[in-house]
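Q: Okay, predicted coordinates and the sequence, questions at the end:
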Amino acid sequence: MIAIFISHRSSDNAEAQALKHWLGGPEPPLAPARVGERRTIRRRCRARPKRLAPGTSMPMVAPSDGDVPVPLIRKARETDVADILEMVGQLARHHGDEPRASLAGLERDLFGPNPWVTALVTDGGTSLLGYAILCRMYRAQSGERGVDLHHLYVVERARNSGIGRRLVEAALDEAGRWGCAFLSVGTRPGNLGAQRFYERLGFERASQGGPRFRTAVAEGPASLFTVGGHLNV
């Protein structure tokens with residue numbers, strides 16, 4: 001996976017991000033290293049909608065041509081979980097993966113006692129038109145908080161309408177509220193169109209930082225540790 005990021009200061013919440021892509025894969029991207037100077041993308045986007053309290057319904061705003069209302073972005077609610085799960089499955093199948101997420105698991109991770117991720121959705125009035133999933137990141141060596149844009153998806157009938165761009169704008173707003181320094185996003189190596197698109201918008205290609213490893217986690221004490229809590233290596 002190719003990792004790309006844009007740095008973000010909490011005082012820069014007026015900045016906007018123009019983006020539409022489909023992101024998938026079993027692993028979140030690596031925390032990227034800062035490369036080069038920060039570029040602004042404010043002029044490449046439309047004005048953001050007014051912020052609302054988490055979970056508040058967003059109004060429908062008529063576009064400048066007076067055609068049809070434009071759906072705005074809000075935080076996900078518990079009643080959205082089934083629709084989000086359906087879109088997660090669509091995204092997985094788009095990349096040739098078999099979706100394994102469950103309704104109970106997604107509800108736990110979004111709204112359980114210890115929420116693990118945050119979801120933003122595009123409310124089309126009668127149905128959801130897209131979603132984004134945000135994961136918190138941290139760089140201990142620099143003391144920086146960050147956000148990984150883990151999933152970004154727009155249903156087929158609503159693509160090429162600016163919804164993906166506005167989901168990323170909302171992700172930048174959320175990162176600003178969390179006091180984050182950067183927003184990170186990954187693409188698959190062969191998705192050259194998405195990579196060029198990110199770079200045109202001010203995102204910078206990030207260093208991968210070398211191999212990463214994983215192992216399954218079982219219930220109970222891990223065998224790598226002794227009773228005293230020291231690594232047994």
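A: Perfect, thanks for sending it. Numbering: from 1, shown residues only.

Q: which stretches of the protein have low pLDDT?
A: Residues of the chain meeting the criterion pLDDT under 70: 1-3, 5-69, 201, 220-233.

Q: Which residue ranges of it form strands?
A: 2-7, 73-75, 118-123, 128-139, 144-154, 182-187, 204-205 (DSSP state E).

Q: mind giving me CSV with these and columns for distance to G193?
A: Every C-beta, even on glycine, is put in place using the N, C-alpha and C of the backbone. Formatted as CSV, the strands of the chain follow (distance: least, C-beta to C-beta, whole Å):
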stretch, distance to G193
strand 2-7, 12
strand 73-75, 24
strand 118-123, 22
strand 128-139, 18
strand 144-154, 14
strand 182-187, 9
strand 204-205, 15
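
Q: if you compare these, which one is most tucked away?
A: Ranked by average neighbour count under the criterion mean count of other C-beta atoms under 10 Å, the strands of the chain are headed by strand 182-187 at a mean of 24.

Q: quick one: strands adjacent to that one?
A: Partners of strand 182-187 in the sheet, by DSSP bridges, are strand 2-7 (antiparallel), strand 144-154 (parallel).

Q: Quick one: the ones you listed as TSV, columns for distance to G105 too.
A: Listed next are those as TSV, based on distance: least, C-beta to C-beta, whole Å:
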stretch	distance to G105
strand 2-7	26
strand 144-154	15
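
Q: Among these, which comes closest to R200?
A: Nearest of those to R200, taken as C-beta to C-beta: strand 2-7 at 11.4 Å.

Q: What is the burial count for V70?
A: 18 (other C-beta atoms under 10 Å).

Q: A101: what's it in contact with?
A: By C-beta atoms under 8 Å, 6 or more residues apart in numbering, the contact set of A101 is 85, 88-89.

Q: re earlier: among the strands paired with strand 182-187, which is nearest A206?
A: Closest to A206 of the strands paired with strand 182-187 is strand 2-7 (C-beta to C-beta; 4.4 Å).

Q: Please enumerate the helices of this protein.
A: Shown for the chain, the helices assigned by DSSP state H span residues 81-94, 103-111, 163-177, 192-200.

Q: now do the same end-to-end measure for stretch 153-162.
A: From its first residue to its last, stretch 153-162 covers 12 Å (C-alpha to C-alpha, to the nearest Å).

Q: ditto for stretch 152-164
A: The straight-line separation of the ends of stretch 152-164 (C-alpha to C-alpha) is 7 Å.

Q: Which positions within it qualify as buried?
A: For stretch 152-164, the neighbour count (16 or more other C-beta atoms under 10 Å) marks 152-155, 158, 161-164 as buried.

Q: Equivalent analysis for stretch 101-109, please.
A: In stretch 101-109, counting by 16+ other C-beta under 10 Å, buried: 106, 109.

Q: Grab the CA positions of it and hand them over as CSV.
A: Output in CSV follows, covering the C-alpha atoms of stretch 101-109 (Å, rounded to 0.1, in the frame of the first residue of the first chain):
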residue,chain,number,x,y,z
ALA,A,101,-17.1,-7.6,9.1
SER,A,102,-20.3,-8.2,11.1
LEU,A,103,-23.1,-6.0,12.3
ALA,A,104,-22.3,-6.6,15.9
GLY,A,105,-18.6,-6.0,15.4
LEU,A,106,-19.1,-2.7,13.5
GLU,A,107,-21.6,-1.5,16.1
ARG,A,108,-19.1,-2.4,18.9
ASP,A,109,-16.2,-0.6,17.2
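
Q: quick revisit: pick the most buried one from the helices of the chain.
A: Most buried of the helices of the chain by mean neighbour count (mean count of other C-beta under 10 Å) is helix 163-177; its value is a mean of 23.
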